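Enquirer: after the sequence you'll find the predicted model.
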Amino acid sequence: CIFIRNGELMELEMTDKEYAGKTVYESRFTVFPGDVLALISDGVVYAGVGSILNFGWTWESVAEWLRKERKDIPFIITTEYVSVPDVVRTIKLGAIDYLPKPVRKEHLLELAEDVFRPMVTVRKQEKVLFHRTSPKILQVEKLARLVAPSEMSVMVLGANGTGKESVAQSIHLGSERREMPFVAVNCGALPRELAASLFFGHEKGAFTSADTAKTGYFDMAKGGTLFLDEIGTMSYEIQSMLLRVLQENTYTPIGSDKERVADVRIITATNENLQLAIKEGRFREDLYHRLCEFEIRQPSLAECPEDIIPLAEFFRERHSKELKRETQGFTEDAKRRMLTYSWPGNVRDLQNRIKRAVLIAETPMLDMEGLDIEIRQSGDTHSPAIQPLKDESLEKMNIINALKACSGHREQAAALLNINPATLYRKMKKYGV
């Protein structure tokens, strides 16, 4: 991808090298802004990150060129000259996010990981899924079990990072297609001009650069499940193409004259309001009804406080093994902070912070500094506040919230409230909890 910083271009290429479970990025510099367009045209660029103001040359200009040339290159704006109209205008032209300067490296890398997520992932064996126990997640699991044996198309709704793909996998594993592939497609990364080839495949010689035949996603998922993630980002042209296949249940690889049967079960996921997208003409209503025979809403992590500590322990153990670090658990302050934080990035946010904490830990007990999370803001209404018992008028509510967050575990709830278990038991009797 390309960064533009203070009038310089920094080309950033993704490699396959891995270090401590992280992708390594290589970079080099140039001082010619016009090289951006050349690099994009040559197919070198995967994504862009740039300043709005660079010697009078703007990312707005690049965005307009990308749209004109129909190049689906995601890019991120960075600027220290905060002009809200400029930022809004460029985002409307296609920027996927905005980072104020100075840019924090971890924020940039987190966005880069999202941008460089594989376009397609094929799973032919069961992935270990953590079993969560919060009431809202148990309801999701119940719905997934009910719909799994059918052939109904399922749409999973929920914010980024909530685990929508895990729901799709659980449906696949509960179906008669469980022994066949589960193919996950990141619709946000689909280049419009290559969509037909990617979905349906092509024959050798079908077009100029088709040196060999290529298998499409429908063939990859044959007999199994095709999971279309971020379906709300799919262009209108690709939507129309997909609708035809779902209506006729057949497709033809590019360059072939033989139709093939679309033997897949479709599951989709989105964090978008598709009803609004339909009203605005961005999403086809007929396709929506084809894809959403059954709807499941995946709750945010803040709605499932009972899962926070168990998930944190699960990720701690996983990343301790992965990073070869010796850890034993979390300090009580760290647990309290995790339970009172709103987790805007949901489960993915929790996992990233636990991984960071494991990596920099100097003691076996992970602390607040390692988690690098701020105290929950008073205006945040995503999760109930759990405070030490100081105000009698709030005691009952705080006790209920603490017990709920700890799945009824009294000792953990007492530690969370900074009181001993005997005191908690006495107060529970007092309030009839």
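Expert: Nice, I can see it.

Enquirer: would you mark the buried spots in stretch 355-370?
Expert: For stretch 355-370, burial by neighbour count (16 or more other C-beta atoms under 10 Å) applies to 355-359, 361, 366-368, 370. Placement of C-beta: from N, CA and C, glycine included.

Enquirer: straight-line length of it, end to end?
Expert: Stretch 355-370 has an end-to-end distance of 9 Å (C-alpha to C-alpha, to the nearest Å).

Enquirer: now it: mean pLDDT?
Expert: Averaging pLDDT along stretch 355-370 yields 88.

Enquirer: what residues does it touch?
Expert: Stretch 355-370 is contacted by residues 20-21, 106, 315-316, 319-320, 323, 325-331, 333-334, 337, 354, 371-372 when judged by C-beta atoms under 8 Å, 6 or more residues apart in numbering.

Enquirer: mind running it again at 10 Å?
Expert: 20-22, 106, 312, 315-323, 325-338, 353-354, 371-373, 375 (C-beta atoms under 10 Å, 6 or more residues apart in numbering).

Enquirer: and for stretch 317-330?
Expert: 20-21, 128, 130, 309, 312-313, 316, 335-338, 351-352, 354-361, 363-368, 370-371.

Enquirer: can you rerun that using 6 Å?
Expert: 20-21, 316, 355, 358-359, 361, 364-366 (C-beta atoms under 6 Å, 6 or more residues apart in numbering).

Enquirer: repeat that for stretch 224-234.
Expert: Contacts of stretch 224-234 (C-beta under 6 Å, 6+ apart): 168, 172, 177, 180-188, 264-270, 272, 274.

Enquirer: put the alpha carbons of it into CSV.
Expert: C-alpha atoms of stretch 224-234 as CSV (Å, rounded to 0.1, in the frame of the first residue of the first chain):
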residue,chain,number,x,y,z
GLY,A,224,-20.5,-26.9,1.8
THR,A,225,-21.1,-23.4,3.0
LEU,A,226,-20.2,-20.1,1.3
PHE,A,227,-20.0,-17.3,4.0
LEU,A,228,-20.2,-13.8,2.6
ASP,A,229,-18.8,-11.4,5.2
GLU,A,230,-19.4,-7.6,5.0
ILE,A,231,-22.2,-8.2,2.4
GLY,A,232,-23.3,-4.6,2.8
THR,A,233,-20.1,-3.4,1.1
MET,A,234,-20.7,-5.4,-2.0
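
Enquirer: poorly predicted segments of the protein, please.
Expert: Scanning the chain with the threshold set as pLDDT under 70 gives 1-120, 123-129, 208-210, 374-394, 407.

Enquirer: again, only this time at 50
Expert: Applying pLDDT under 50 to the chain picks out residues 1-33, 39-55, 82, 375-383, 385.

Enquirer: ok, back up a step: PyMOL command for the buried members of the contacts of stretch 224-234?
Expert: Those of these that count as buried under 16+ other C-beta under 10 Å are selected in PyMOL with:
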select buried, resi 168+172+177+180+181+182+183+184+185+186+187+188+264+265+266+267+268+269+270+274
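
Enquirer: mind checking which of the contacts of stretch 224-234 land in strands?
Expert: Using DSSP state E, the members of the contacts of stretch 224-234 that fall within strands are 182-186, 265-270.

Enquirer: need these in JSON lines (columns: distance to residue 345).
Expert: Converted to JSON lines, the ones in strands among the contacts of stretch 224-234 look like this (distance: C-beta to C-beta, whole Å):
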{"residue": "182", "distance to residue 345": "24"}
{"residue": "183", "distance to residue 345": "26"}
{"residue": "184", "distance to residue 345": "20"}
{"residue": "185", "distance to residue 345": "22"}
{"residue": "186", "distance to residue 345": "18"}
{"residue": "265", "distance to residue 345": "29"}
{"residue": "266", "distance to residue 345": "27"}
{"residue": "267", "distance to residue 345": "23"}
{"residue": "268", "distance to residue 345": "22"}
{"residue": "269", "distance to residue 345": "16"}
{"residue": "270", "distance to residue 345": "17"}
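
Enquirer: what's the closest of the residues you listed to residue 223?
Expert: Of all the ones in strands among the contacts of stretch 224-234, residue 223 sits closest to residue 265, with 9.3 Å by C-beta to C-beta.

Enquirer: please name the nearest non-neighbouring residue to the closest one.
Expert: Among residues not flanking residue 265 along the chain, residue 225 sits closest, at 4.8 Å (C-beta to C-beta, 6 or more residues apart in numbering).

Enquirer: gap between the one you found and residue 274?
Expert: Per C-beta to C-beta, to the nearest Å, residue 225 is found 21 Å from residue 274.

Enquirer: same thing with residue 427?
Expert: Counting by C-beta to C-beta, the gap from residue 427 to residue 274 is 47 Å.

Enquirer: can you pull the alpha-carbon coordinates of stretch 276-284 into CSV?
Expert: C-alpha atoms of stretch 276-284 as CSV (Å, rounded to 0.1, in the frame of the first residue of the first chain):
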residue,chain,number,x,y,z
LEU,A,276,-31.4,2.0,5.1
ALA,A,277,-29.1,0.8,2.3
ILE,A,278,-32.2,-0.5,0.4
LYS,A,279,-34.0,2.9,0.9
GLU,A,280,-30.9,4.7,-0.4
GLY,A,281,-30.6,2.5,-3.4
ARG,A,282,-27.3,0.9,-2.3
PHE,A,283,-28.6,-2.6,-1.8
ARG,A,284,-31.0,-4.7,-3.8
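
Enquirer: which of the residues in it are buried?
Expert: 277, 282-284.

Enquirer: Throw these into TSV and include secondary structure, thanks.
Expert: TSV is the format used below for the buried residues of stretch 276-284 (DSSP: H, G, I helix; E, B strand; the rest coil):
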residue	secondary structure
277	helix
282	coil
283	coil
284	coil
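
Enquirer: so which of the residues you listed comes closest to residue 196?
Expert: The closest of the buried residues of stretch 276-284, once distances to residue 196 are taken by C-beta to C-beta, is residue 284, at 17.0 Å.

Enquirer: may I have the secondary structure class of the nearest residue to the closest one once chain neighbours are set aside?
Expert: Spatial nearest neighbour of residue 284, excluding adjacent residues (C-beta to C-beta, 6+ apart): residue 239 at 4.9 Å. Classification of residue 239 by three-state DSSP places it in helix.
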